[in-house]
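Engineer: Please work out how this folds:
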Amino acid sequence: MDLNFNKNEDHNKLLLSDLRQKFSKIKLGGGEKRIQKLHAEGKMTARERIDYLLDANAESIEIGALVGGGMYKEHGGCPSGGVVVKIGYIKGKQCIVVANDATVKAGAWFPITAKKNLRAQEIAMENKIPIIYLVDSAGVYLPMQDEIFPDKEHFGRIFRNNAIMSSMGITQISAIMGSCVAGGAYLPIMSDEAIIVDKTASIFLAGSYLVKAAIGENIDNESLGGATTHCEISGVTDYKAKDDKDALDKIKNIVDKIGDYDKAGFNRIKTVKPALDEKEIYGILPKARTEQYDMMEIINRMVDNSEFEAYKDGYGQTIITGYARIDGWAVGIVANQRKVIKTKKGEMQFGGVIYSDSADKATRFIANCNQKKIPLVFLQDVTGFMVGSKSEQGGIIKDGAKMVNAVSNSVVPKFTVIVGNSYGAGNYAMCGKAYDPRLIVAWPSAELAVMGGTQAAKVLAQIEASSMKAKGEIVDEAKEAELFAKIKARYYEQTSPYYAASRLWTDAIIDPLDTRKWISMGIEAANHAPIEKAFNLGVIQV
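Structural biologist: Here you go, the predicted model:
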């Protein structure tokens, strides 16, 4: 291996180490003291509950682990959005589990908490997989109620989704394992079946203090909404559990009896590991986001037996398209090629840029995958579409629109991996979050922005400098350099994959070597939902 490979490897492994350190801290939720307090109450933490519920030694993936990072500092923060979400297996059946983290503000709902819960429900609805709620929450975080209560994608949408999923026949099971108050009380009771833990859990529209204030009645919380009340008097809940583990065991027993599902029928054979060493990805992926590299070297270390059947290999070469298998599943791959290409006409095409011929090729390939019922995997390292008079006169907007149209109307499941750059309209055409990928993940090397940091900072610095001059301020070279450095630093913070993950623009930041697992589990989930709509591009300009 050359020196550049070793430098890249060291850099990418440091990024991965930083990711692991952040995750280790996040797993503590609200901190060691609050975990100890929870244990003293005879309760398990959200992560302990999920670990006990999911099958041992089976694969699982966590959605939104980094959500809330750097947000709500004035409120003490909200690690992981105060809720843990995992896709895994219960008695061999793939499920998604949502668990309130009572160590974070007593499990109260921040705006990002609602967004993360809605994302979990979206995954369950798209893939028609069972969803399990482990409820332990103080309800809406009142200091921010205006940002969580009344809008379409706020708290109330969760109960609407409960009702929609019920009508779709998607299994929903809730375990009330702590506090469950006010509007939040509807979530478990709108599930198919509800379990409540004796003595440590309660559910009511208003607690004892509010009841006293509202109607003057004196009553304790246990009598008002404990397990005995709701299992033996009101009939609100279906099962009484003696402790957390008993409640989780009851969920396992219920899931174990669920019948088989209709399958979408995506093609799968026995899995084969890549023939080339996956770990070499760390050395191939360049340290600088501006450097060129061959994306095929990444793909060959990601797909089964390192076998890839290229589609239109010699045409539109700044996008790679072709068929492969990932963990046995047949997939169609659409990837940005990051090395400079010389066309047969002798023209140079820049890597990571989408040209008219590349967009045309990708559009045709996406249509082929839809016809053959093959899931699509997008590998993003894109700076955008080609600009300039030649591209504009060649119809780059028209060809780009065709590609966006194909991605938008695709009916097969789509999965997006942000390997490096994800800039501007390139993000859209390569199936960014707005285009409904079933799962979207980023590598630690990813950057998401409307344009590259240096270019954006130059534009913004010029605008600010012009504004200052218009006000009569003196702006010399030193001041311009200071402005540029300040704006660039701020802009780069916003392009970080952690900035995106904290806001749930991506589902996770992952180790590149976990990509195969994420895509495989994603396709397995999608296989629960037969395709009911035909692929139709609608009206496009030919």
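Engineer: quick one: D313 and A529, what's the gap?
Structural biologist: 33 Å (Cβ to Cβ, to the nearest Å). (C-beta placed from N, C-alpha, C; glycine too.)
Engineer: Can you pick out the residue with more neighbours from those two?
Structural biologist: A529 (20 against 13; other Cβ atoms under 10 Å).
Engineer: Confirm for me that that one is in contact with N127.
Structural biologist: Yes: taking contacts as Cβ atoms under 8 Å, A529 lies within contact range of N127: 5.2 Å.
Engineer: Can you check the pLDDT for the nearest residue to Y428 once chain neighbours are set aside?
Structural biologist: Once flanking residues are discounted, Y428 sits nearest to V404: 5.8 Å by Cβ to Cβ, 6 or more residues apart in numbering. We have a pLDDT of 95 for V404.
Engineer: what about the helix or strand hosting V404, distance to the chain center?
Structural biologist: For V404, the element it lies in under DSSP states H and E is helix 396-409. Offset of helix 396-409 from its chain centre (Cα atoms, centre = their mean, to the nearest Å): 24 Å.
Engineer: What helices and strands are in contact with it?
Structural biologist: Using 3 or more Cβ pairs under 8 Å, 6 or more residues apart in numbering; DSSP states H and E, the elements in contact with helix 396-409 are helix 356-372, helix 424-429.
Engineer: please redo it, this time with the cut-off set to 10 Å
Structural biologist: strand 329-336, strand 353-354, helix 356-372, strand 376-382, strand 384-385, helix 389-393, helix 424-429 (3 or more Cβ pairs under 10 Å, 6 or more residues apart in numbering; DSSP states H and E).
Engineer: The ones you listed into JSON lines, with extra columns for distance to G81 and mean pLDDT?
Structural biologist: Formatted as JSON lines, the helices and strands packed on helix 396-409 follow (distance: least, Cβ to Cβ, whole Å; pLDDT from 0 to 100):
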{"stretch": "strand 329-336", "distance to G81": "30", "mean pLDDT": "98"}
{"stretch": "strand 353-354", "distance to G81": "34", "mean pLDDT": "94"}
{"stretch": "helix 356-372", "distance to G81": "33", "mean pLDDT": "97"}
{"stretch": "strand 376-382", "distance to G81": "24", "mean pLDDT": "98"}
{"stretch": "strand 384-385", "distance to G81": "31", "mean pLDDT": "89"}
{"stretch": "helix 389-393", "distance to G81": "41", "mean pLDDT": "81"}
{"stretch": "helix 424-429", "distance to G81": "23", "mean pLDDT": "92"}
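Engineer: L439 is nearest to which of these?
Structural biologist: When the helices and strands packed on helix 396-409 are compared by Cβ to Cβ, strand 376-382 sits nearest L439, at 10.2 Å.
Engineer: tilt between that closest one and helix 356-372?
Structural biologist: With axes from the mean of the first three to the mean of the last three Cα atoms, to 10 degrees as the basis, strand 376-382 and helix 356-372 are set at 160 degrees to each other.
Engineer: Starting from strand 376-382, tell me which strands it pairs with and how they run.
Structural biologist: Partners of strand 376-382 in the sheet, by DSSP bridges, are strand 329-336 (parallel), strand 414-423 (parallel).
Engineer: Tell me which of those strands sits most buried.
Structural biologist: strand 414-423 (a mean of 26; mean count of other Cβ atoms under 10 Å).
Engineer: and it, what's its mean pLDDT?
Structural biologist: On average, strand 414-423 scores 96.
Engineer: quick one on the thing from earlier: can you list the strands paired with strand 376-382 in CSV and add distance to A206?
Structural biologist: Shown next, in CSV, are the strands paired with strand 376-382 (distance: least, Cβ to Cβ, whole Å):
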stretch, distance to A206
strand 329-336, 49
strand 414-423, 44
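Engineer: Which one, of the ones you listed, ends up nearest to V450?
Structural biologist: strand 414-423 (6.8 Å).
Engineer: just how off-centre is that closest one within its chain?
Structural biologist: 12 Å.
Engineer: measure stretch 206-221 end to end?
Structural biologist: In stretch 206-221, first residue to last residue: 9 Å (Cα to Cα, to the nearest Å).
Engineer: ugh, wrong one, stretch 273-285
Structural biologist: Per Cα to Cα, the first residue of stretch 273-285 is 20 Å away from its last.
Engineer: So what's the model's average confidence on that stretch?
Structural biologist: 98.
Engineer: Low-confidence ranges, the protein, go.
Structural biologist: Along the chain, the model assigns pLDDT under 70 to residues 1, 183, 451-457, 540-542.
Engineer: Break it down into its domains, please.
Structural biologist: As given by the TED database, the domain ranges for the chain are 1-28+264-446+506-541, 31-256, 452-494.
Engineer: TSV please, covering the ones you listed and showing distance to A500.
Structural biologist: Formatted as TSV, those follow (distance: least, Cβ to Cβ, whole Å):
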stretch	distance to A500
domain 1-28+264-446+506-541	5
domain 31-256	9
domain 452-494	9
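Engineer: now the helices for the stretch 101-250 of the chain?
Structural biologist: Counting by DSSP state H, counting those that start in this stretch, the stretch 101-250 of the chain has helices at residues 111-127, 156-168, 186-189, 208-215, 221-225, 227-228, 244-256.
Engineer: CA atoms of the last one as CSV?
Structural biologist: What follows is helix 244-256 as a C-alpha-only set of coordinates in CSV (Å, rounded to 0.1, in the frame of the first residue of the first chain):
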residue,chain,number,x,y,z
ASP,A,244,-40.2,-4.7,33.5
LYS,A,245,-38.9,-8.1,32.5
ASP,A,246,-42.3,-9.7,32.9
ALA,A,247,-43.8,-7.0,30.7
LEU,A,248,-41.1,-7.6,28.0
ASP,A,249,-41.6,-11.4,28.2
LYS,A,250,-45.3,-10.8,27.5
ILE,A,251,-44.4,-8.8,24.4
LYS,A,252,-42.2,-11.7,23.3
ASN,A,253,-45.0,-14.2,23.7
ILE,A,254,-47.4,-12.0,21.8
VAL,A,255,-45.0,-11.4,18.9
ASP,A,256,-44.2,-15.1,18.8
